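Student: sequence first, then the predicted structure, then my questions.
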Amino acid sequence: MNTPSCGGPPGKSMNRRDRGKDIGGCAISGIMAENGELFSGELVMRSIANMRERANGLGGGYAAYGIYPQHKDHYALHVMYESGQDQQTTEQIIQQNCLIHEAEPIPTHPLHVIKQRPLLHRYFVTVKPEQLERYYDLSEDDIMANIVMTINTDVSGGFVFSSGKNMGIFKGVGYPEDIGQFFRVDEYDAYIWIAHGRYPTNTTGWWGGAHPFGLLEWSVVHNGEISSYGINRRYLANFGYYCTLQTDTEVIAYIFDLLLRKHDLPLEVACMAMAPPFWAEIERMAPEQRELARTIRTVYGGALLNGPFSVVVGHSTGMIGFNDRIKLRPMVAARHEDRLYIASEEAAITEICPKPDVTWHAQGGVPIVGKLKNGAEDSAVAQVAG
Amino acid sequence: MQLRKWLVEPEFRIERDPEKCIQCGVCVRQCANDVHEYDEEEEVVYSDSTNCVSCHRCATLCPTDAISIRPFPLEFRPNAVWTASTLRNLYKQADIGGVLLTGMGNDQDQPMYWDRMLLNASQVTNPSIDPLREPMELLTYIGRKPDSVQFERIAGQPRMTTQLEPQLQLQVPVMFAAMSYGSISYNASVALAQAAQQVGTFANTGEGGLHKDLREYADHMIVQVASGRFGVDSDYLNTGAAVEIKIGQGAKPGIGGHLPGEKVDAAISATRMIPEGTDALSPAPHHDIYSIEDLRQLIYAIKEAVCYSKPILVKIAAVHNVSAIASGCVRAGADVLVIDGYRGGTGAAPTMVRNNVGIPIEFALAAVDSRLREEGIRHQASLIASGGIRCSADVAKAIALGADAVNIGTAALVAMGCHLCQKCYTGKCNWGIATQDPYLTKRLNPNIATRRLVSLLESWALEIKELMGGMGINAVESLRGNREHLRGLGLTNRELQILGIKAAGE
């Protein structure tokens, strides 16, 4: 591969705004401890490695929640750079807008199968008070999201691939187990882990294109293709989200951010907007529920995700798995004690949890929701501090 | 037989096979243009092609298939500049003076951009969906949508507080375009209304008012308020499912309308609320709308009149600056915006206007959809594309470009029997559609016409579902504005850019 590892495919414009989508199959796995207990990434690495057949070595990645308790109030920006020049430009933007509490290269472990690495840095930041004053009509999250959008659209060789608090995304080109070793994922402890092994069919390996995708606290791993991508992307552009990463997966992260954070919809309602019941089912619902479903479908048609997909979405207080409305991609879930497991294949669960209490197949359009128990987040932080 | 007295040759030649003709006289009785004549002495039917408009009525009804009609074989000397139609128009105008009139939509050989866009289908990475086995949804709600849906939390339980503004529910994203009673016959109006009701879509009164017997279909009728305000009163506004303010029409942007007094019989007089036998003249502009703020006043005057219980549509012709005009209309309070492209049909229009004013609906639609999205107001109004939608693939492409639904006029008339002779303005429609002559109108059986219209929409619905299933999409909202599913064929970079689509192969 001749192209810089962090750049787009050859021949593509370096302006990342409004790039097309890519397509492919994939493996996904997610584990959550609902009691907030922290556990090593070694477990999810084993789970995703057991689905190696579903990946082709062109992308792997992890998202972990609860890994930066010492910086739990700071946005953890994970950034990849093509060159030192890009790093300078990006850091200027960060410095203009943020207080940097700590900055360092992301620790990695040399691995000969991981080639063509971009520069990888992380920054623990908060938005500067003067910026908060200047954009008094926006929340700190809104301003942070705008900063991420600005870097990702305007800096040709700089990508923010993780921007949440007390969470981080680690991803790159390679099989997920190799990417895990490279990023020393087993050395982090988290209460939610989600992982992805990628099988892209049309993009050259590109670090930015690997999953999970993240914006603020949201991270998404995705198996499938979003046939509605063209309109989802244009719908999101209405609200200032620009798809920059050459994949349809990022629309899912943005839609979650829009519906849950900006529009403040209940989680179940947001899932209903993305994978709504059929009109024929809506007609059979009780009046109040019918009115709700009809309104949601009418207003949020642009957020409907169509086409075959299974996704696992992580956020600071939970994990959600869901399928397209007619279940065109596999998804299995299991529970064992306080842990929720979601994966493309049952084998990925039994590999790490041989005898779950209960195992089931996800239904089309019905979300599987894992929620952190009350106070569990604080106890997760306390575990480390203590 | 008369001797020909024009400089201009006939456009068509009627050939009668003497071996097949049984002198039954069907053609004589069917032709309102007096082309056929029975000579009782010689017991032979003669035809004078001079007045033939090639509407095929005689040929279609001839029991022995004795009649064929073809372009007149005496062709003008080949000339790429001074074409036959140009010369004919010159002869005609020199002969009689005045403005050249025509009917139906622009028939010129300008590019059809629908045909230069191709739809997508799934292969391998994405399964296509079989609409015969899986649900496939075309249901569409037309009207203003809020930015977001609001909830209040009572004891931790979310409860929706948003109430939607009035919407029109379409079972198929195709409505019948505005065609007035007056420009078309009562039977044609009944058929459109009945078909709209059966299919679950909407017909449109046009500017002709709502005949009292059509009120039973009013919940599937959009009532129009045009510059002449014919038939408009509070009752009329409150009877329809929605109210459309007609600013312009694709076939004749910038000019008004004229229903000759000869057509204003007792029923039309009552429906339009004008004296019998008077010309119904619609001014070019609404004389209470000289700017956008005036439109806003009319929109809200009507909203007040209907107690905000119905969506208000605004129909504009696709003209050069259409996206800015559209944005203004939406900001003025239009809940639905109808954009009528330059191929839109009409009962009568000056030929020069019809063929030379306005822009293609494909560009207008793409530009308006993009503009409204850039301004973040696309959800505030639904977009209806109109003017030259010929088939279900055109519908799918229009929706992918950004339309919520489309209007069809010509296609619906053709379904009822229209043969596009373009002589609607003469009032001599042999198919009983664009005429008020009782001898002609009774030819159109409204129930048969209804069945044909229903069949048309149902078959289009099936075809749209097949196309969507092929793309791996099972709800029409995922096709709407989804330009990823369109590719351009033989278009310039600039055209691709305006349409917002990639070239085939990209």
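Tutor: Alright, I've got the coordinates.
Student: tell me which element whatever residue of the stretch 101-250 of chain A ends up closest to chain B is part of?
Tutor: Going by C-beta to the nearest C-beta, chain B is nearest to residue A:230 of the stretch 101-250 of chain A, at 3.0 Å. Every residue, glycine included, has its C-beta placed from N, CA and C. Following DSSP states H and E, one finds residue A:230 within helix A:229-237.
Student: off-centre distance for that helix?
Tutor: 18 Å (C-alpha atoms, centre = their mean, to the nearest Å).
Student: just checking, what packs against it?
Tutor: Applying 3 or more C-beta pairs under 8 Å, 6 or more residues apart in numbering or on different chains; DSSP states H and E, one finds that helix A:229-237 contacts helix A:249-256.
Student: what's the next secondary structure element after the helix it packs on?
Tutor: Once helix A:249-256 ends, the next helix or strand along the chain (criterion: DSSP H and E) is helix A:267-274.
Student: that next one near chain B at all?
Tutor: Yes - using C-beta under 8 Å from any C-beta of the partner chain, helix A:267-274 reaches chain B at residue A:269.
Student: most centrally placed residue in the chain?
Tutor: No chain specified, so I'll use chain A. Nearest residue to the geometric centre of chain A (C-alpha atoms, centre = their mean): residue A:219, 2.0 Å.
Student: that's the wrong chain, I wanted chain B
Tutor: Note: chain B centre (C-alpha atoms, centre = their mean) maps to residue B:409, 2.5 Å.
Student: so what's it closest to, chain neighbours aside?
Tutor: Among residues not flanking residue B:409 along the chain, residue B:177 sits closest, at 3.5 Å (C-beta to C-beta, 6 or more residues apart in numbering or on different chains).
Student: and the gap between the one you found and residue B:355?
Tutor: In this view, residue B:177 and residue B:355 are 19 Å apart by C-beta to C-beta, to the nearest Å.
Student: more neighbours: these two, which one.
Tutor: Neighbour count, other C-beta atoms under 10 Å in any protein chain shown: between residue B:177 and residue B:355, residue B:177 has more, with 28 against 19.
Student: so that one makes contact with residue B:405?
Tutor: No - in this structure residue B:177 lies outside contact range of residue B:405 using C-beta atoms under 8 Å: 11.4 Å.
Student: now the farthest one out in chain B, which residue is it?
Tutor: residue B:155 (52.8 Å).
Student: pLDDT wise, what is that one at?
Tutor: On pLDDT, residue B:155 comes in at 85.
Student: kindly report the same for residue A:245.
Tutor: 63.
Student: can you name the residues that contact the residue nearest to the centre of chain B?
Tutor: For residue B:409, the contacting residues are B:176, B:177, B:178, B:179, B:344, B:345, B:386, by C-beta atoms under 8 Å, 6 or more residues apart in numbering or on different chains.
Student: which pair of these spans the longest distance?
Tutor: B:176 and B:344 (13.1 Å; C-beta to C-beta).
Student: neighbour count winner among these two?
Tutor: Shown here are residue B:176 and residue B:344; by other C-beta under 10 Å, residue B:344 has more neighbours (31 against 27).
Student: ok, now how distant is that one from chain A?
Tutor: 26 Å (C-beta to the nearest C-beta, to the nearest Å).
Student: and residue 186, how many neighbours?
Tutor: Since no chain was named, I'll use chain A. Residue A:186 has 16 nearby residues by other C-beta under 10 Å.
Student: ah, no, chain B please
Tutor: Quick note: residue B:186 (other C-beta under 10 Å) scores 20 neighbours.
Student: now swap in residue B:113 and tell me
Tutor: 22.
Student: setting aside sequence neighbours, what's the nearest residue to it?
Tutor: Nearest residue to residue B:113, sequence neighbours excluded (C-beta to C-beta, 6+ apart): residue B:362, at 3.8 Å.
Student: return the distance of stretch A:230-250 from the chain's centre.
Tutor: On C-alpha atoms, centre = their mean, the centre of stretch A:230-250 falls 15 Å from that of its chain.
Student: same question for stretch B:24-42, mean pLDDT?
Tutor: On average, stretch B:24-42 scores 95.
Student: what residues sit buried inside it?
Tutor: Residues of stretch B:24-42 classed as buried by neighbour count (16 or more other C-beta atoms under 10 Å in any protein chain shown): B:26, B:27, B:28, B:30, B:31, B:32, B:33, B:35, B:36, B:37.
Student: host element of the residue nearest to residue B:113?
Tutor: Per DSSP H and E: helix B:361-374 holds residue B:362.
Student: repeat for residue B:462
Tutor: Here residue B:462 is assigned to helix B:446-471, by DSSP H and E.
Student: likewise residue B:37?
Tutor: strand B:36-39.
Student: list the buried ones in the following helix or strand past that strand?
Tutor: Downstream of strand B:36-39, the next assigned helix or strand under DSSP H and E is strand B:44-47. Neighbour counts using 16+ other C-beta under 10 Å place B:45, B:47 of strand B:44-47 among the buried residues.
Student: who does strand B:44-47 pair up with?
Tutor: As defined by DSSP bridges, the strand partners of strand B:44-47 come to strand B:36-39 (antiparallel).
Student: outside of the partner strand, which residues touch it?
Tutor: B:1, B:14, B:23, B:25, B:27, B:28, B:44, B:45, B:46, B:47, B:48, B:58.
Student: residues of the stretch 201-350 of chain A that sit close to chain B?
Tutor: Checking the stretch 201-350 of chain A against chain B by C-beta under 8 Å from any C-beta, the hits are A:201, A:224-225, A:227-231, A:234-235, A:237-239, A:262-266, A:269, A:276, A:278-280, A:291-292, A:295-302, A:304, A:306-308, A:325-326, A:328.
Student: distance of the closest residue in space to residue B:459 that isn't next to it in sequence relative to residue B:449?
Tutor: Nearest in space to residue B:459, with sequence neighbours left out and distances taken as C-beta to C-beta, 6+ apart, is residue B:392 at 7.6 Å. Distance from residue B:392 to residue B:449, counting by C-beta to C-beta: 20 Å.
Student: tell me which of the two has more neighbours.
Tutor: residue B:449 (25 against 21).
Student: hang on, the more buried one packs against residue B:185?
Tutor: No - with contact defined as C-beta under 8 Å, residue B:449 does not reach residue B:185; the gap is 10.0 Å.
Student: what's the end-to-end length of stretch B:119-130?
Tutor: 17 Å (C-alpha to C-alpha, to the nearest Å).
Student: ditto for stretch B:211-227
Tutor: 19 Å.
Student: for the residue in the stretch 151-300 of chain B positioned nearest to chain A, what are its contacts?
Tutor: Here the stretch 151-300 of chain B gets closest to chain A at one residue, residue B:158, 4.3 Å apart by C-beta to the nearest C-beta. Residues near residue B:158 by C-beta under 8 Å, 6+ apart: A:266, A:269, B:151, B:152.
Student: where along the stretch 201-350 of chain A do the strands fall?
Tutor: Counting by DSSP state E, counting those that start in this stretch, the stretch 201-350 of chain A has strands at residues A:213-215, A:218-224, A:309-315, A:318-323, A:332-336, A:339-343.
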